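Participant: Quick one: sequence plus predicted model below, questions after.
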Amino acid sequence: KKKKKKIAQPSSSCKMLRRLLSRAAPRRWYAAQALRPEKIELPDFPAVEPGDVQPVIGALCSEYERGLTELEEELRTQSGPRGAEQGWVQVVERLEELDLRLGHAWGMVAHLVNVRASPELHEAQVACLPRLSEITSRRAQSRVLYDALQRLHAGPGLGAGQQRIVHKMLQDAQLGGVGLSSPEARAEFNAVQLELSDLSSRFRKNVLDSKAAYQRLVTSAAEVAGLPQSLLQQLAKSAQAHGHPAASAEHGPWLLDLSDPVAAVFLPHCAHRPLREEYYRALLTVASSGAADNTPLITRMLQLRQRKAHMLGFESYAQLSLSTKMAGNYKQAFALIEQLHSRCYSAAVKEHQQLTAFARERDGTQGELALWDVPYWANEQRTALLNLSQEQVSQYFPVPVVLEGLFGLVEELLGVRVQERTGSALPPVWHPDVRFFDVFDQQQQPGTQVASFYLDLFSRPGHKQGGAWMDGCIGRSSVLDRVNGRVTPPVAYLILNTAPPHQPGQPPLMQLRDVETLFHEFGHGLQHMLTQVTHGYAAGINNVEWDAVELPSQFMENWLYHAPTAARVSRHVTTGETLPPDVFARLCQLRQYRAGSDTLRQLYLSALDLQLHHVFQPAIANQTVFEFQQAMAKEFTVLPPLPTDRFLCAFSHIFGGGYAAGYYSYKWAEVLSADAFSAFTDDMANFKATGLRFRNTVLGLGGSMHPADVFKAFRGRAPDVAPLLEQYGL
């Protein structure tokens, strides 16, 4: 007893604590705490370990289920109706509070899988899906909650924004199977949901693994003829990292991969036709064979989506998907595709004829253009028209200058100031390249911090998903403010895949398309960060119809073709000269270069997506998904795809993301964004007033109003397709 008493003395306790802290157990406790902190604040990414994901998510799921059960029991035993405000707090805010902790933890896991991938983390994520799917279905199919929301929706006293939130919650419940009458039907529906979630995760992993597995060592200088110096440096650096320490940009060897930054530069610049063909064929067959083959996953997903739609009373999955979108139904969405198709197909045919003539003029041996020839000769033709290569144009876009110019634009346009955190003020990040910025209001609440964002610019093949995206780290929410005990500003993730810096001490340069992508994702970020809605379910991009959510992002892209903005974001890396006016004028002309072909390509993807989910019958064995694709291509391509084309196996937007029966949204939102931008170009004298109106409506109202009403509040009328057609010379 005396010995035990001595252990409790302060000095002994301190020694014990030090011993414990030096062991693995407290480290695992600390790592677990990173996924379930007391307050929902900036995550501690380095502390998250794959081994903690499943137990922590499992525990949070159990807490969520207990909270849901308590709320249901309270609603069952409630005597008499409650007022609108009481009902709102009791049902909607209670549900939002339940969502916060689980959503924050799962969001961290999903984010890290995309930006710091590892087999262990992916396995941990997949292991959590059944439990998450189970509680998602449990909530969606709760008749008690559904009835309470119906009473709240039908009664008086809710504001318009609150009514819209409840309406959307009821719709989500209906699409989540609340109306399925039998336990057997609900069990089947839940099994479908779970399998779809698993298939989507496996699809993305297969794409990542397949791309990572491709390595083509090039040793002949003739095969890399035409490639810009920056890409040669990148490929030589990759070769050094894979067992060729003497590799150099000048003498090789060079290691090719299928990452987005490499593919985007290689095909337009590689003068060696056989290697160009080999690389093109590799790109078009990603994740289409071997252990990473996505073909059976595609067929199964289409079958399950169709089954899900039929169980919910829809003719097709496309009709189900479009019931939640601004277009409203399949007919409206496809009408836009047909309208634009009628304006761009003949233009695309003419552009191909002109490109063929140009190639033959430059190279007498060139016959009919093959698919792998088009990017190369289009780049040659573009360079001839511009009288500058993409590599030369990129010299005007060093990353620091582009960021400074972008932040200056939003300060002038929207009245917000962006300031970077560095040194000890920098919060924990997932990679040393990641930067962090705060956003301060300069107009409505001068000096107040209103938001923050992470910026992860550079590609990391094999560890980071390709493409670019914005996602929410922390959302605006009065419920979250109550949980944290203070106002919590929203925080965004802005993720790109630009080529990393090649030489120490030299600022990384951005291709023009990289600058467009940065502006695009920043537009999404602005809607998340500058929301004026405090109801979490409608703040930022939450509750915004999918085909309207691209409006702010595509709107921001347009500013690159505004002369003062182009000058603001450009400064030659050597001379310090801003983009010359004649070069800017040629860039504006080149925006319309092959606009018919580019538009037709997007319409092809949009139509294929809609028809796969509306017309194609995956259960009928006489036509494969690739045969259906070939049939669709006859109407939407000038050059037919190769018989071996398997690009669908890497079409992550619709099979690994949220764009199933929704890819048309890019064009739908492009109509909105071009029209919104014309509000500025039509009245530049009132630039700041228009910017404030844009901030208060499109960015500020989020999902609290239908997007058609939000657009009308900004523009004063319904959207018009004419500004988009004018923008592209169609």
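Facilitator: Looks like it came in fine. Everything numeric in this text was worked out from a predicted model, so none of it was measured.
Participant: element containing the closest residue to Gly525 other than its chain neighbours?
Facilitator: What sits nearest to Gly525 in space, not counting adjacent residues and going by CB to CB, 6 or more residues apart in numbering, is Ala492, at 4.4 Å. Where you see a C-beta, it was placed from the backbone N, CA and C, and this is true even at glycine. Using DSSP states H and E, Ala492 sits within strand 491-498.
Participant: who's in contact with Leu587?
Facilitator: Leu587 is in contact with Leu386, Val393, Leu512, Tyr561, Ala566, Leu579, counting by CB atoms under 8 Å, 6 or more residues apart in numbering.
Participant: low-confidence ranges in the stretch 201-350 of the chain?
Facilitator: For the stretch 201-350 of the chain, not a single residue meets the criterion pLDDT under 70.
Participant: for the residue nearest to Gly525, what are its contacts?
Facilitator: Contact criterion CB under 8 Å, 6+ apart gives Ala451, Ser452, Phe453, Tyr454, Met470, Asp471, Gly472, Cys473, His524, Gly525, His528, Met529 as the residues in contact with Ala492.
Participant: from these, which single one is nearest Ala292?
Facilitator: Nearest to Ala292 out of these is Asp471 (CB to CB; 25.0 Å).
Participant: how much space between the most centrally placed residue in the chain and Ala110?
Facilitator: Residue closest to the mean C-alpha point of the chain, counted by CA atoms, centre = their mean, is Trp469 at 3.2 Å. Look at Trp469 and Ala110: by CB to CB, to the nearest Å, they are 11 Å apart.
Participant: Buried residues in the lengthiest helix in the chain, which are they?
Facilitator: Counting residues, the longest helix in the chain under DSSP state H turns out to be helix 330-362. Buried residues in helix 330-362, counting neighbours by 16 or more other CB atoms under 10 Å, are found at 330, 333-334, 336-337, 340-341, 343-345, 347-348, 351-352, 355-356, 358-359.
Participant: other SSEs contacting the lengthiest strand in the chain?
Facilitator: Of all the elements of type strand in the chain, the one with the most residues (DSSP state E) is strand 449-458. Other helices and strands packing on strand 449-458, by 3 or more CB pairs under 8 Å, 6 or more residues apart in numbering; DSSP states H and E, are strand 435-441, strand 491-498, helix 512-529.
Participant: Next secondary structure after it?
Facilitator: From strand 449-458 onward toward the C-terminus, using DSSP H and E, the following helix or strand is strand 469-474.
Participant: Skipping its backbone neighbours, what lies nearest the residue nearest to the centre of the chain in space?
Facilitator: Nearest in space to Trp469, with sequence neighbours left out and distances taken as CB to CB, 6+ apart, is Ile495 at 5.3 Å.
Participant: is it true that that neighbour touches Ser459?
Facilitator: No - because the distance of 10.3 Å does not satisfy CB atoms under 8 Å, Ile495 is recorded as not touching Ser459.
Participant: Common neighbours of these two, please.
Facilitator: Taking CB under 8 Å, 6+ apart as the contact criterion, Ile495 and Ser459 have no common neighbours.
Participant: Quick check: Lys464 vs Pro400, distance?
Facilitator: Shown here: Lys464 relative to Pro400, a distance of 22 Å by CB to CB.
Participant: More neighbours: those two, which one.
Facilitator: Using other CB atoms under 10 Å as the criterion, Lys464 and Pro400 rank with Lys464 on top: 22 against 10.
Participant: Counting neighbours, what do you get for the closest residue to the more buried one other than its chain neighbours?
Facilitator: With sequence-adjacent residues excluded and distances taken as CB to CB, 6+ apart, Lys464 is closest to Val115, at 5.2 Å. For Val115, the count of nearby residues is 20 (other CB under 10 Å).
Participant: Tell me who's in contact with Val115.
Facilitator: Val115 neighbours (CB under 8 Å, 6+ apart): Trp430, His431, Asp456, Arg460, His463, Lys464, Gln465, Ile495.
Participant: pretty sure Gly475 is touching Gly540, no?
Facilitator: Yes - the pair Gly475 / Gly540 is scored as a contact, 5.9 Å apart, by CB under 8 Å.
Participant: Just after the longest helix of the chain, pick out the following helix or strand.
Facilitator: Scanning forward in sequence from helix 330-362 by DSSP H and E, the next helix or strand is helix 374-386.
Participant: Can you give the contact residues for the helix or strand containing Val710?
Facilitator: When secondary structure is defined using DSSP H and E, the element that contains Val710 is helix 707-715. For helix 707-715, the surrounding residues in contact (CB under 8 Å, 6+ apart) are 326, 544-545, 548, 551, 672, 675-676, 679, 693-694, 697-698, 701, 705, 718-719.
Participant: one more time with 6 Å, if that's ok
Facilitator: Helix 707-715 has contacts (CB atoms under 6 Å, 6 or more residues apart in numbering) with Met326, Glu545, Ala548, Ala679, Arg693, Thr697, Val698, Leu701, Pro719.
Participant: Give me the buried positions along that helix.
Facilitator: Of the residues in helix 707-715, those buried under the neighbour-count criterion (16+ other CB under 10 Å) are Pro707, Val710, Phe711, Phe714, Arg715.
Participant: Any idea which helix or strand in this protein has the lowest mean pLDDT?
Facilitator: Least confident helix or strand, the chain: helix 2-7 with a mean of 32, by mean pLDDT, DSSP states H and E.
Participant: still on that earlier bit, among the contacts of Ala492, who's most crowded?
Facilitator: Gly525 (30 neighbours).
Participant: residues touching it, list them.
Facilitator: Neighbouring residues of Gly525 by CB under 6 Å, 6+ apart: Phe453, Met470, Ala492, Leu494.
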